[in-house]
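> Would you be able to build a 3D model of this:
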Amino acid sequence: MFIKLKQLYKKVDHALVPPHEFVSESSFSRFINKYIPDLFIKHQIGNIVPIFWYLSTLLFSPLSYLIYKLISQFYKFKILKIDLSQIGSILWLATIAADLKKHKYKGDILVAIPYFYRNQNQHIISYVESSKLANYIFIRNIFMRFIIASASWFKDSSIDTRHYECYKNNIYSEYSDNLSNSLKFNINNNINDPELEEARLNFIEYAGKKGVVTLNLRTSEFYKEKRISIRNVEPLDYFDVCSYLNSQGYSIAFSNSPGTELTNLLDESYISYRIYDKRDKIGQFENLLSLVACKYFIGTSTGASVIPLMFNIPVYWTNMYLPIWVPLKSNDVIIWKDYFDSNKIKISFKEFIELGLDSPEMMNFNALNRIHITVNSNSKKKLLSGLKLFLDLQKGNSNFDSLCLNYDADLIKNSTFHAKVRWSSGSKSFYIN
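The predicted structure follows:
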């Protein structure tokens, strides 16, 4: 009986955090318009968990808020309304810390995190850089989580992550220096845990002389989606990228399975690779190594793609679906997906924003089809060209004009559109036209 209860708790533990807001949807509207209707209409039994959590924390909120007000007279703190069950949310921690520091906030920030991990990497919180994120206190105890979740319903007790999400008014680029190295890990340091130490040594051995290049390809297979997301990529399009990396002596790794079509082709071509996507203790540590101990990182539109940025690892971003989402570091490279109107004319970044395509509710194929807009992913040729530019930049080639001409590229800061968008105005990276 106890084992069954523990297994059930493991499945729901990640949801037992302060209700958080989204750019276009509040936690309360999500409760009314999604959780309750989907429970009764679509029979999504799993919705019972957030419904119970929302109601119980809301009912207890007056008492919890009173406790908060009393304690805050002697101990200054805020409650961060964030869901860290998705690994990309870690980026917000560094951004928020930098913003609060700028505004001379002196208190602590309480963050509720799961006691048991599912999709989130269980090891990453251990490597938060204390000097940059010193104000964070992570709380795993379920009773403490319940109290702070209840108190977080009140605006003055909490910090709303909605203001930090990756849209055009985000302050992300203003704190690029703080984001770099906000997580700290050294692959050469020994680890006391024998199992993790063995995984570390195996990773070093596989990396070889030139190091690992990790590919993080977003596919429906990894996310078990029933729909086709606009953020997804076609893994086979990355075969030439893998082949070129292999010819240059790099070791290839995937942070999640790219699917059998690509792996079969790699096997047939005698190209070695590793897939670090297991969900047990060792598997998640290997997954973390693929993100933070790689030489270079090739990312797509997933949260995991921001983790190397926080370790100051060079990133080649491909098939990015939002033109306001960009890398920031020098010598990073990005290629966006292309959008076309009903006349097959490519939509500019400015038109993209004017049409409201940057809003979350528009970023799906059904919404785009209604306004007769199509989207094209990066071609194999373009992906390979971007990789060659990216690798040339890592060599320290300072002849930027020649490189831009050869690869039809430019600095993001030279883009009239991106210079005006708060999210990307501080970028020092390159983009492929």
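> what's the straight distance from one end of stretch 245-258 to the other?
16 Å (Cα to Cα, to the nearest Å).
> What residues of that stretch count as buried?
Neighbour counts using 16 or more other Cβ atoms under 10 Å place 245-246, 250-258 of stretch 245-258 among the buried residues. Heads up, the C-betas are built off the backbone N, CA and C, glycines and all.
> ditto for stretch 319-337
For stretch 319-337, by 16+ other Cβ under 10 Å, it's 319-329, 331-337.
> now stretch 383-396
The neighbour-count check on stretch 383-396 (16+ other Cβ under 10 Å) flags 383-393 as buried.
> And the contacts of that stretch?
If you take Cβ atoms under 8 Å, 6 or more residues apart in numbering as the criterion, stretch 383-396 is touched by 237-238, 240-241, 244-245, 248, 296, 298, 314, 316, 318, 331-333, 335, 378, 403, 406-409, 430, 432.
> thinking again about what came up before, for the buried residues of stretch 383-396, which one is nearest S180?
Comparing the buried residues of stretch 383-396 against S180 with Cβ to Cβ places L393 closest, at 16.7 Å.
> circling back: please check the contacts of stretch 383-396 and keep the buried ones.
Neighbour-count burial within the contacts of stretch 383-396 applies to 237-238, 241, 245, 296, 298, 314, 316, 318, 331-333, 335, 378, 403, 407, 409, 430, 432; the criterion is 16+ other Cβ under 10 Å.
> I'd like to know which of the residues you listed are part of strands.
296, 298, 316, 318, 333, 335, 409, 430, 432 (DSSP state E).
> Count the neighbours of N202 for me.
For N202, the neighbour count with other Cβ atoms under 10 Å is 14.
> Quick check, pLDDT for it.
On pLDDT, N202 comes in at 96.
> so R200 makes contact with I191?
Yes. R200 is within contact range of I191, at 5.7 Å (criterion: Cβ atoms under 8 Å).
> Just want to know which of those two has more residues nearby.
Using other Cβ under 10 Å as the criterion, R200 and I191 rank with R200 on top: 20 against 13.
> What is the three-state secondary structure of that one?
Using DSSP: H, G, I helix; E, B strand; the rest coil, the secondary structure recorded for R200 is helix.
> quick one, phi psi at the residue nearest the centre of the chain?
In the chain, the residue lying closest to the centroid (Cα atoms, centre = their mean) is G303, at 1.6 Å. Torsion angles at G303 (phi, psi; degrees, to the nearest 10) stand at phi -60, psi -30.
> Hmm, it is touching I87, no?
Yes. Counting by Cβ under 8 Å, I87 is a contact partner of G303 at 5.2 Å.
> about what we covered before: need the ones in strands among the buried ones among the contacts of stretch 383-396 in a markdown table (columns: distance to Y206 and pLDDT).
Conversion of these to a markdown table gives the following (distance: Cβ to Cβ, whole Å; pLDDT from 0 to 100):
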| residue | distance to Y206 | pLDDT |
| --- | --- | --- |
| Y296 | 15 | 96 |
| I298 | 17 | 96 |
| Y316 | 20 | 95 |
| T318 | 23 | 95 |
| V333 | 25 | 93 |
| I335 | 28 | 94 |
| A409 | 32 | 90 |
| F430 | 29 | 89 |
| I432 | 30 | 88 |
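> Check those against D358 and report the nearest one.
Using Cβ to Cβ, these come closest to D358 at I335, 17.9 Å.
> Next one: that closest one from H103, what distance?
Applying Cβ to Cβ, to the nearest Å, the value for I335 to H103 is 35 Å.
> Repeat that for S425.
Applying Cβ to Cβ to S425 and H103 gives a distance of 20 Å.
> Between those two, tell me which one has more neighbours.
Just comparing S425 and H103: by other Cβ under 10 Å the higher neighbour count belongs to S425, 17 against 7.
> Got the domain ranges for the protein?
Following automatic domain parsing, one gets these domains for the chain: 2-165, 194-337+377-432.
> where exactly do the helices run in the stretch 151-300 of the chain?
Counting by DSSP state H, counting those that start in this stretch, the stretch 151-300 of the chain has helices at residues 176-179, 194-207, 220-223, 239-247, 260-268, 281-292.
> rank the ones you listed by pLDDT, which is bottom?
Per-stretch mean pLDDT for these is lowest at helix 220-223 (a mean of 67).
> my guess is S61 contacts K155, does it?
No. In this structure S61 lies outside contact range of K155 using Cβ under 8 Å: 11.8 Å.
> Y136 against V111, yeah?
Yes. With contacts counted by Cβ under 8 Å, Y136 reaches V111, the gap being 5.6 Å.
> intersection of neighbour lists for those two?
Contact criterion Cβ under 8 Å, 6+ apart; residues shared by Y136 and V111: 80, 93.
> And these two? Which one has more around it.
Comparing Y136 with V111 by neighbour count (other Cβ under 10 Å), the higher total belongs to V111, at 24 against 17.
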